[in-house]
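> Got a predicted structure here, sequence first:
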Amino acid sequence: MSHLKEEKTLVLIKPDGVKRGLTGEIIKRIEQRGLKVIALQMFNATKEDLAKHYSTSPDYLRSIGEKTLSTYAKYGLDAEKEIGTKDSLEIGQKVHGWLIDFMTSGPIVKMVIQGLHAVEMVRKLSGATMPSQAEMGTIRGDFSVDSAALANAQKRAVHNLVHASGTVPEAEVEIALWFKKNELCPYTRAEEDIMF
């Protein structure tokens, strides 16, 4: 079952993580978990790059809009008054635009992480997508306090430090988008024979 140890996932350290000097801490937590960084690069993403990474399908945008409407309802805010519409698709398009603006606001660190259950492990290390809901001990829980309500009010993306692929198939697509095969550098960690 050596293939289980070769599972890969994509991690993007977003501009807020880079600008706050958390790149080393994030990598440290990943490596301490027994996972390997097999590709790493700092770069400035373009809107074209991000259009390939973040879906613009109407269903996806509508789902973002519906989550945003739920956040407004939870905090007793009027979406139409705050952002000019109650249409979930229009709201999703606005939120998507805020995300693209945020992700192009500074450098990003892209990484491919490899190891046993890499997708699931990195998601656990990252914590809940909404930092205000992330458990202490996770990257988001320890280093971010942002919330969707505040981000929406300020018409910006949630600052949640990292992106981590959600599933193995998603990771495969995202890794192929951001890295060429010859840029991956698999290796064996010294303690693998003890860990597995």
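Structure received. On a predicted model such as this, the values are computed, not experimentally measured, just so you know. Numbering: from 1, shown residues only.
> for the chain, what are the low-confidence residue spans?
1-2 (pLDDT under 70).
> mind listing the helices in it by residue range?
Using DSSP state H, the helices of the chain run over residues 15-19, 23-32, 47-53, 58-74, 79-83, 88-103, 118-126, 139-143, 148-153, 168-178, 192-195.
> will you turn the ones you listed into TSV that also has distance to Lys5 and mean neighbour count?
Backbone N, C-alpha and C define where each C-beta goes, glycine included. Formatted as TSV, these follow (distance: least, Cβ to Cβ, whole Å; neighbours: other Cβ atoms under 10 Å):
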stretch	distance to Lys5	mean neighbour count
helix 15-19	27	19
helix 23-32	15	16
helix 47-53	27	14
helix 58-74	32	16
helix 79-83	46	14
helix 88-103	31	19
helix 118-126	9	21
helix 139-143	23	21
helix 148-153	36	19
helix 168-178	14	16
helix 192-195	7	10
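> So what does the closest residue in space to Pro131 that isn't next to it in sequence have for phi and psi?
Closest residue to Pro131 apart from its sequence neighbours, by Cβ to Cβ, 6 or more residues apart in numbering: Ser144 at 3.6 Å. Ser144 adopts backbone torsions of phi -140, psi 150, taken as degrees, to the nearest 10.
> Residue nearest the middle of the protein, spatially speaking?
What sits nearest the mean C-alpha location of the chain, by Cα atoms, centre = their mean, is His163, with 1.2 Å.
> thinking again about what came up before, for the helices of the chain, give me a markdown table that also has distance to Cys185.
Listed next are those as a markdown table, based on distance: least, Cβ to Cβ, whole Å:
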| stretch | distance to Cys185 |
| --- | --- |
| helix 15-19 | 22 |
| helix 23-32 | 14 |
| helix 47-53 | 22 |
| helix 58-74 | 33 |
| helix 79-83 | 44 |
| helix 88-103 | 25 |
| helix 118-126 | 15 |
| helix 139-143 | 23 |
| helix 148-153 | 36 |
| helix 168-178 | 13 |
| helix 192-195 | 16 |
